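Asker: sequence and predicted model, in that order:
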Amino acid sequence: MGHVEAAHVTFVLPDGRVLLDDVSFRVGDGVVAALVGPNGAGKSTLIGLVTGDLKPQSGTVSSSGGLAIMRQFIGGIRDDRTVTDLLLSVAPSRVQAAADRLNAAELAMMERDDEPTQLRYAAALADWGDAGGYAAEVDFDACCVAALGVSYERCRWRTVAALSGGEQKRLVLESLLRGTEEVLLLDEPDNYLDVPGKIWLEQQLAGTIKTVLVVSHDRELLAACAERIVTVEDAHVWIHGGGFASYAWARKERAARLDELRRRWDEEHDKLRQLMLMYKQKASYNADMASRYQAAVTRLRKFEEAGPPELAPREQNVRMRLRGSRTGKRAVTCSQLELTGLMRPFDLEVWYGERVAILGSNGSGKSHFLRLLAGDQVAHEGVARLGARVSAGLFAQTHVRPDLAGRTPVEILMAEHALLINEAMSALARYELTPCGRQPFETLSGGQQARLQILLLELAGSTLLLLDEPTDNLDLASAEALQEGLESYAGTVLAATHDRWFAKSFDRFLVFGGDGEVYESSAPVWDESRVQRPR
């Protein structure tokens, strides 16, 4: 069985902040371990250290059995790679190299059809077969049928941007689970999956013989699969050897134990210091006490050099102030709206102040619908109209924001909302974003990017929030803060979600059915499966 091991790893960010401090853990023997912690604590960084994408300042990271990784973000609405490119990106390196040679040979054939070019093409074909390329194509076909409902040959040239976020994730997961690598590193694999997809993933992880380290905030997935919990908090790592059911209790007990150890250390430190001061005073008028004074100084110095025990992790305090304002009675009106090829025409009226959860399988058109309401160019027929004084703000599912790339959160707030630097830092502090306030947007963790997007919606004063899977990258504390913020929000909310817990807070449920029908339900519907149509 493959394994992953980190030994005394320290990682320091470019700004000098210690993200991971003397971290050690081991996962092996076919165990499914969950890597959890607050947004920005270093989970994705730890994954990057395991894969070798990042190098620690000290310590070592090792593994065996071969590594396969699913990264937190796979594609986006502007990703022009093909399905073939995506599948090759998670294929073994020898297959990727053979594919590159074959593509180069095919391009050369298009430009020059002479004998040397033909020979190079024949050699590239042979290399493709020797590297396992034809066997990989068989696996690609199985992945496409399972994830997209069509054969590889029919979808291989489709762009990644044409797939929903859930379809992208499912396609990669199908490939990794079928692969020969014995260790899987999955960075939030459940994000963007619909509920049937999440249940499928839970079953796959529960039944796999591979060693798996999975980053997730989905409590139901963790309860179903995780045999061990690796927690990253305040630059340290600790391991709970049981499942998720006992994790909250274990974390509370650990915090209490750390508090008690720190209290005892402080008491002992104070006692040694007082003893040293007493002997110092006596030695000032009694030379016989000098040796005792020096012994007390040495004892105190060694105690301080050993250092205090680890502090109990600080609890997060995310405070969102989503305000909104009064608009016309009808916030959204749709008349015989049809998104081309995704759904049948439907009518919809959303009234001011309503909370509408948009449910349905991946690929059913939920994200396209929200983008249309936000003003994006989306092919459609019929009418989708916003009401009087309705200003829409979109939370993007895949966090692809070219307008924010290269800029830090502080710069974004000061430029976009004319805030002074102290005002910008104060706003970031409410969202627990101060530590990353001067990092470029693209270097933030998925959860930090999500919180920043919500903060921008807050500052924009949007009266209609269009939220596309807003809780997917949020840790538990941030997700709870978002729900509290929406409860006090004076505006209208439409949210596409597969989060069963989050959906309970909504009062209307618009279901994008598997057969293309769009209908309302009095309760959440999670079992709609997309009926595949010829493409």
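Answerer: Arrived safely, thanks for sending. Owing to the predicted nature of the structure, the values given are computational and were not obtained by experimental measurement.
Asker: list the buried residues for the helix or strand of the chain with the lowest mean pLDDT?
Answerer: Least confident element among the helices and strands of the chain, by mean pLDDT, DSSP states H and E: helix 476-487 (a mean of 82). Buried residues in helix 476-487, defined by neighbour count with 16 or more other C-beta atoms under 10 Å: 477-483, 485-486. Glycine gets a C-beta too; all of them are placed from N, C-alpha and C.
Asker: correct me, but Ala490 touches Arg326?
Answerer: Yes - using C-beta atoms under 8 Å, Ala490 makes contact with Arg326 at a distance of 7.0 Å.
Asker: quick one on the thing from earlier: now the buried residues of helix 476-487 as a markdown table including distance to Gln336?
Answerer: Formatted as a markdown table, the buried residues of helix 476-487 follow (distance: C-beta to C-beta, whole Å):
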| residue | distance to Gln336 |
| --- | --- |
| Ala477 | 43 |
| Ser478 | 38 |
| Ala479 | 36 |
| Glu480 | 39 |
| Ala481 | 39 |
| Leu482 | 33 |
| Gln483 | 34 |
| Gly485 | 34 |
| Leu486 | 30 |
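Asker: now do the contacts for Arg438.
Answerer: Arg438 sits next to 15, 408-410 when contact means C-beta atoms under 8 Å, 6 or more residues apart in numbering.
Asker: quick check: which ranges of this protein have low pLDDT?
Answerer: For the chain, the stretches flagged by pLDDT under 70 are 76-78, 316-317, 397-400, 529-535.
Asker: circling back to that earlier point, just name the closest of the buried residues of helix 476-487 to Gln168, please.
Answerer: Ala479 (22.3 Å; C-beta to C-beta).
Asker: what's the helix or strand for the nearest residue to the closest one once chain neighbours are set aside?
Answerer: Closest residue to Ala479 apart from its sequence neighbours, by C-beta to C-beta, 6 or more residues apart in numbering: Thr471 at 4.6 Å. Here Thr471 sits in a region with no helix or strand, counting by DSSP states H and E.
Asker: repeat for the one 3 residues further on
Answerer: For Leu474, there is no host helix or strand (DSSP H and E).
Asker: just use 19 as the starting number from now, easier for me
Answerer: Shifting the count to begin at 19 puts that one at Leu492.
Asker: let me see the contact set for it.
Answerer: Applying C-beta under 8 Å, 6+ apart, we find Leu492 in contact with 57, 235, 465, 468-469, 500.
Asker: same check on Glu460?
Answerer: Shown in contact with Glu460 (C-beta under 8 Å, 6+ apart): 423-424.
Asker: show me where the stretch 119-268 of the chain has helices.
Answerer: For the stretch 119-268 of the chain, helices defined by DSSP state H, counting those that start in this stretch occupy the ranges 133-148, 151-166, 170-173, 183-196, 213-225, 237-243, 265-301.
Asker: packing partners of the first one?
Answerer: This points to helix 133-148. Helices and strands touching helix 133-148, by 3 or more C-beta pairs under 8 Å, 6 or more residues apart in numbering; DSSP states H and E, are helix 111-129.
Asker: run through who's touching the helix it packs on.
Answerer: Outside helix 111-129, the residues within contact range by C-beta under 8 Å, 6+ apart are 106-107, 109, 135-136, 138-139, 141-143, 145-146, 148-151, 154.
Asker: okay, the angle between it and helix 151-166?
Answerer: If you take axes from the mean of the first three to the mean of the last three C-alpha atoms, to 10 degrees, helix 111-129 sits at 100 degrees to helix 151-166.
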